[in-house]
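[1] coordinates only, sequence not included:
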């Protein structure tokens, strides 16, 4: 079987050919972001070099993203049309995961492979996979668009889990290595390493980017063949205009698949504080938060993704009334229905514990939050002037909202 | 080649229509399939390039398969594709697809200028129409007067210096709260309005110029609406639409007639999305009858973006020996001549 592999998600495109013997030949160095012009000529010259024609190809593997939207589409449009015309199958390859084959793959045994792409707008597309010395892989951080700090938090939590697990100690006495690669390392590695601070890992930071031979390797190892029309990009992000529209509409998207909502306890104070800090200009102190969570008249709920707290909501019961103290979702997990599920759980628990009317304050300018609360039946009943501090000076009014018992 | 005729598969993805078509000998439509994204973009009030690109990628293969129907790839003589001008992220979906078909089938590839396609649309319906003729191309992205000495010999003799006519329609529709796309909505509303109730400026530019400027007319409408609304009056929208449309059509007609006189061409084609506008069609018909000019306006389905026109233009380019190679690139801006 001759497998053709295309990689166009990064700044440099490449093409690889894997034959029956598993040997891979490749051509790369396509010009910086000139994928449309260079991709088919590269395919043509690689085939010619191997004495093959396009009709000798049995399947095409394509790097499906994340990465440059346009770049991914060039690879996928080409792969889809070739497969359709040649009546062959395609293999959809998740780009972040191909990094377990990038570079010296045998060197990845016993390592956490951490691809980090620059996703613009201050975010990264990233994931983390632990490669057991026997070759098995374990997904530690699912591939997604993250805030760099949030990615570090997830990576840290999963690395800690790995270090404390018995299977790990048996396998790697020499310590844990985190291997960073991808076009986002230069910009974000330092910040991510800071987020890992104190963890007993050895970081190896490279700027190595994705390549077609790794796409072929991934396809040969894990891939399954699909029809051309079933292959679509792994964007990991909505189009900007769509995101804004959804935000404006306050679209309640379905709850993020990996999220679990539960009641919080005092030991959640630290991660809750981390979310608080990422969300507000004037965060509560850790001491205040810890005290409030421990208070018998408080109810706190948290949402966890992959065992890490990404959102929380808190409410105090005062004389049979509920006073919402805080609702916060980590920036990268907003718009996934997490805040909605969380707040719903909070109100339900408040009701169970006898709260009748529920009230809250919200910044006058935070229209999105006001719409969010309105969707839960809250209405504006008053204004408290100069209630909030504004970053850079000045004060902002609080809108007082109530949900009255019916 | 089928029944002695040259078959060209055309692909068009330059804006918000994913289209594919097969045309025989550049004149006979075998198939013409269009998937419009209008509904997708309506909520945004205009075409969103990233969303257009995402939809083209999903649709293009099935649209091409439908256009091919029972035709076997062996019967296709060339694959023609729009190379620009247009939304570059959208155009490149068509190019990557067309290149791959041509490469996999071992067929020649031809790159087509989108405007040349619009001009060739008239050839699909009027078999006896031959150059030379003059062409007025009016759409959401283009407003040009093109002298067509031959299919491969096109010269732009007038074009817009700012907004395209269709763009002005979209913006005026927005001001009037009509929605998107603006052209058909303004056209429809204008039918119940009085075109002489409100006079908007006709921007003719310097004497003798064949160029257009529609941003002034558009601004005139916006200023008028603002002034009226500030004074607490809500103008009759139908009259505004009719007045605006009248001034756009006055300018288009005057410039086109001037160009006909200057070039001495005896035939005129009007094409592009705005050529579907009923008032423009009526006015051009009247003006051409008065001057003894032959007028050819394709049916609305061939005025808006489609791939039959690309296959037609591709056929004439192919016959003239034009070939694109695998390095074919997408262009946001592209000169016609």
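    It's in. Computed from a predicted structure; not experimentally measured. Numbering: from 1, shown residues only, chains lettered A, B, ... in the order given.
[2] list the contacts for residue B:128?
    When the contact criterion is CB atoms under 8 Å, 6 or more residues apart in numbering or on different chains, residue B:128 has no partners at all. For glycine as for every other residue, the C-beta is placed from the backbone atoms N, C-alpha and C.
[3] Secondary structure class of the closest residue to residue A:228 other than its chain neighbours, three-state.
    Distance criterion CB to CB, 6 or more residues apart in numbering or on different chains; nearest residue to residue A:228, sequence neighbours excluded, is residue A:83 at 4.0 Å. Residue A:83 carries the three-state label helix when classified by DSSP: H, G, I helix; E, B strand; the rest coil.
[4] isn't residue A:83 right up against residue A:60?
    Yes. Assessed by CB atoms under 8 Å, residue A:83 is found in contact with residue A:60 at 5.7 Å.
[5] Enumerate the residues of the stretch 201-337 of chain B near chain A.
    Counting by CB under 8 Å from any CB of the partner chain, the residues of the stretch 201-337 of chain B lying close to chain A are B:326-330.
[6] now, which of the residues you listed sits nearest residue A:70?
    The shortest approach to residue A:70 among these belongs to residue B:330, at 9.8 Å (CB to CB).
[7] Find residues that contact each of residue A:83 and residue A:60.
    When contacts are counted by CB under 8 Å, 6+ apart, residue A:83 and residue A:60 have A:89-90 as shared neighbours.
[8] Give me the phi and psi angles of residue 267.
    Here I'm looking at chain A. Backbone dihedrals for residue A:267, given as degrees, to the nearest 10, come out at phi -70, psi -10.
[9] you looked at the wrong chain, it should be chain B
    When read as degrees, to the nearest 10, the backbone of residue B:267 gives phi -120, psi 150.
[10] okay, it: pLDDT?
    According to the per-residue confidence, residue B:267 scores 98 in pLDDT.
[11] That one contacts residue B:134, doesn't it?
    Yes. Under the criterion of CB under 8 Å, residue B:267 lies in contact with residue B:134, with a separation of 7.1 Å.
[12] Which residue of these two possesses the greater neighbour count?
    For residue B:267 against residue B:134, the residue with the higher neighbour count under other CB atoms under 10 Å in any protein chain shown is residue B:134, and the figures read 23 against 20.
[13] How about that one: what's its closest non-neighbour residue?
    Residue B:134's closest residue in space is residue B:265 (CB to CB, 6+ apart), at 4.2 Å.
[14] Next, count neighbours for that neighbour.
    Residue crowding around residue B:265 was assessed by other CB under 10 Å; the count is 19.
[15] I'd like the distance between it and residue B:288.
    Look at residue B:265 and residue B:288: by CB to CB, to the nearest Å, they are 11 Å apart.
[16] Same question for residue B:277.
    When residue B:277 is compared with residue B:288 (using CB to CB), they lie 16 Å apart.
[17] neighbour count winner among those two?
    When residue B:277 and residue B:288 are compared for neighbours, residue B:277 comes out ahead with 27 against 21, by other CB under 10 Å.
[18] Within range of chain B, give me the residues from the stretch 1-150 of chain A.
    Applying the criterion CB under 8 Å from any CB, the portion of the stretch 1-150 of chain A that neighbours chain B consists of A:36-41, A:43-44, A:54-55, A:69-70, A:73-74, A:76-78, A:80-82, A:84-86.
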